[in-house]
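> I need the structure of the sequence given here:
(one chain, ligands or ions: 1)
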Amino acid sequence: MPADRNAELFERAQRVIPGGVNSPVRAFRAVGGTPRFITRAEGAWIWDAEGRRYIDYIGSWGPMILGHGHPAVLDAVQRAAREGLSFGAPTEREVELAEAIIAHVPGLEQVRLVSSGTEAGMSALRLARGATGRSRIVKFEGCYHGHADALLVKAGSGLATFGHPTSAGVPAEVVQHTLVLEYNHVAQLEEAFSVHGRDIACVMIEPIAGNMNFVRASVPFMKRLRELATQHGALLVFDEVMTGFRVGLGGAHAHYAKLIPGFAPDMWVFGKVIGGGMPLAAFGGSRHVMSQLAPLGPVYQAGTLSGNPVATACGLATLREIARPGFFDALAAKTRSLCEGLAGAARAAGVPLVTDCEGGMFGFFFAGELPQNYAAVMATDKERFNRFFHAMLSRGVYLAPALYEAGFVSSAHGEADIAATVAAAGEALRA
Ligand SMILES: *Cc1c(COP(=O)(O)O)cnc(C)c1O
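Coordinates of the predicted model:
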C-alpha cells in the first residue's frame, strides 16, 4: 500500500515541530488519528495532501466567514502586499479598519489593533487593571481568552481559594488574582462579588462561549453580571474574538442588547473575523478607558507588526463584504438549516443530539439537552462524538476535531454542501 501523504508529513513534522503542529488542537489528540495536512482551499472546501476534498466547518477556527479565496479579499491583499508588507509607522488603512469596527459596535469608541486574540485579551486585562487600579479578575470555567499566563487557570476549591494554573510554567502567584467561576451560575457570581467586589478589576466572558462547543450565557445571568459589575466598579469585558462579526454584524453584544434593554459591556476583545484570515485582533472600549494606554496613559502596550498593512487590508475587505444588506440573514438561515438537518438525521437514527446556532456559528452535542456550563459539556458523549467526527471526515466533511469546539458556516457554503453534510451525518449516525 502506498504511504499516506498526510501520515508522511505528520512524521516529518514531528521531527522538527513539537507534536507536529503549531497549535495543539490541530494534532487530533482528542479524536485520535492522523491530522490532515491542508494544501489549498477554495470557497467552502479544503483539500488535504492526498488530494481529498472536504467541506470545511472550521474555517480557520472562525475567520473565513466569506469562505476561502473570496475575490474581493484576495484582490485587496494582493494590492496591499505590492504597496509594502510592513512599515512600523501609521497608515490610513488602520484608521479605516478602526472606524469600520467601531461603526458596527455601539458604545465602542476606540480600538487598538494587535496581531492575535491572545495578545488582545492579555492587553485588555492589563488595561482593565490599570484603569481601575485593582488586581483581581474573574473568568468562567470553559471560556478561553487566549494563552496569557493569568488566564490559564481553573477553579480552586470554593471562593476562598483563587485559581490553579492549567499549564506548567505558570507560577501559582501569577494566577492568584484570577477567580474562576461556573458559567451561568448566578448565585456563585453574586457571592463572588459580595466577597471580592471592591478588588475586582474586570470580569472577562465569552458571551456565547465557543470554546466549550456552543453555550450561551443565559439572559438572567448576563443581566445580573452587568448589574454587579456596575455596582462594584468592575469592568465587563466581552471576549468577542469568536462571536464578533460572526454571530451578527454587532456580535454577541448586539444580540444581548436586543434581549436586555440598554445592555453594553465596558470593553471588547476582537480577532478572527476582523482579520479575515490574517493575523489581526483588537481590543477596545470607551475613549476614557482607552486613554489609559501608552502613549497617552500609564498602561504600556506595543507591537512591531500591529496594524499590519496587509492584514488590515484583508480585514477591511472582509468587513465590507459582511456589512452588505442581508448578509447575516442569509448566513444565519444556512446555519440553521444545517443544524435542523443534523438534528433531523439524529432523530431518524434514534441518536440523542441537540444543536444550537447564532449567525454563522453553531454547536452540536450528543446529549438530551443543551449544556449550560463546562462540566455539562464535558459530560456529553465523547466516544460517540469521536466516532462521528471520523465517520464524517471519511465522508468528506471536516468538523472541529474536539467536542468542546464550535463550528462555523461561511457564505460560500452552498445548499448542496449543507445537503451533502446532512446526508453524510445520516449515514454516519446510522453506522
Ligand atoms: C480564538 C480565541 C482567542 C485567542 O485568539 P488567538 O488569535 O488564537 O490568540 C481568544 N478568545 C476567544 C474567545 C477565542 O475564540
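> Residue 338 sits in which helix or strand?
Applying DSSP states H and E as the criterion places residue 338 in helix 327-349.
> what residues does that helix touch?
For helix 327-349, the surrounding residues in contact (C-beta atoms under 8 Å, 6 or more residues apart in numbering) are 65, 248-249, 321-322, 352-362, 364, 409-411, 413, 415, 418-419, 421-422, 425-426, 429-430. Heads up, the C-betas are built off the backbone N, CA and C, glycines and all.
> Looking at it now, give me its mean pLDDT.
Helix 327-349 shows an average pLDDT of 98 in the prediction.
> which is the next helix or strand following that helix?
strand 354-358.
> Any buried residues in stretch 39-51, and which?
Buried residues in stretch 39-51, counted by 16 or more other C-beta atoms under 10 Å: 41, 43-49.
> Please disregard the earlier target; I meant stretch 299-318.
Neighbour counts over stretch 299-318 (16+ other C-beta under 10 Å) mark 299, 301, 305-318 as buried.
> Would you list the phi and psi of residue 361?
Backbone torsions of residue 361, given as degrees, to the nearest 10, read phi -120, psi 140.
> Likewise for residue 116?
Torsion angles at residue 116 (phi, psi; degrees, to the nearest 10) stand at phi -150, psi 160.
> Let me know whether it touches residue 272 as I believe.
No - Residue 116 is beyond contact range of residue 272, at 9.9 Å (criterion: C-beta atoms under 8 Å).
> Which one's more surrounded, these two?
More neighbours sit around residue 272 than around the other of residue 116 and residue 272, counting by other C-beta atoms under 10 Å; the figures are 27 against 18.
> what separates that one from the ligand, distance-wise?
Applying C-beta to the nearest ligand atom, to the nearest Å, one obtains 6 Å for the distance of residue 272 from the ligand.
> hang on, the earlier thing: now, the buried residues of stretch 299-318 that are in helices?
Counting by DSSP state H, the part of the buried residues of stretch 299-318 found in helices is 309-318.
> Out of these, flag the one nearest to residue 192.
Distance from residue 192 was checked for each of these by C-beta to C-beta. The minimum falls on residue 315, at 36.0 Å.
> Go ahead and confirm that closest one touches residue 281.
No - with the criterion set as C-beta under 8 Å, residue 315 and residue 281 do not qualify as a contacting pair; they are 9.7 Å apart.
> Need the residues touching each of those two.
Counting by C-beta under 8 Å, 6+ apart, the residues touching both residue 315 and residue 281 are 274-275.
> quick one: the helix holding residue 338 to strand 354-358, angle?
Between helix 327-349 and strand 354-358, the angle comes out at 180 degrees (axes from the mean of the first three to the mean of the last three C-alpha atoms, to 10 degrees).
> Quick one: neighbours of the closest residue to the ligand within the stretch 101-250 of the chain, just the number.
Relative to the ligand, the nearest point of the stretch 101-250 of the chain is residue 117 (2.1 Å; C-beta to the nearest ligand atom). Counted with other C-beta under 10 Å, residues neighbouring residue 117 total 30.
> Let me see the confidence value for it.
Taken from the predicted model, the pLDDT recorded for residue 117 is 98.
> neighbours around the nearest residue in space to it that is not next to it in sequence, how many?
In space, residue 117 comes closest to residue 271 once its chain neighbours are excluded; the distance is 3.4 Å by C-beta to C-beta, 6 or more residues apart in numbering. Counted with other C-beta under 10 Å, the burial measure for residue 271 works out to 28 neighbours.
> Kindly report the same for residue 363.
The number of residues packed near residue 363 is 27, by other C-beta under 10 Å.
> Which of the ones in helices among the buried residues of stretch 299-318 sits closest to residue 80?
Closest approach to residue 80 among these (C-beta to C-beta): residue 313, at 3.5 Å.
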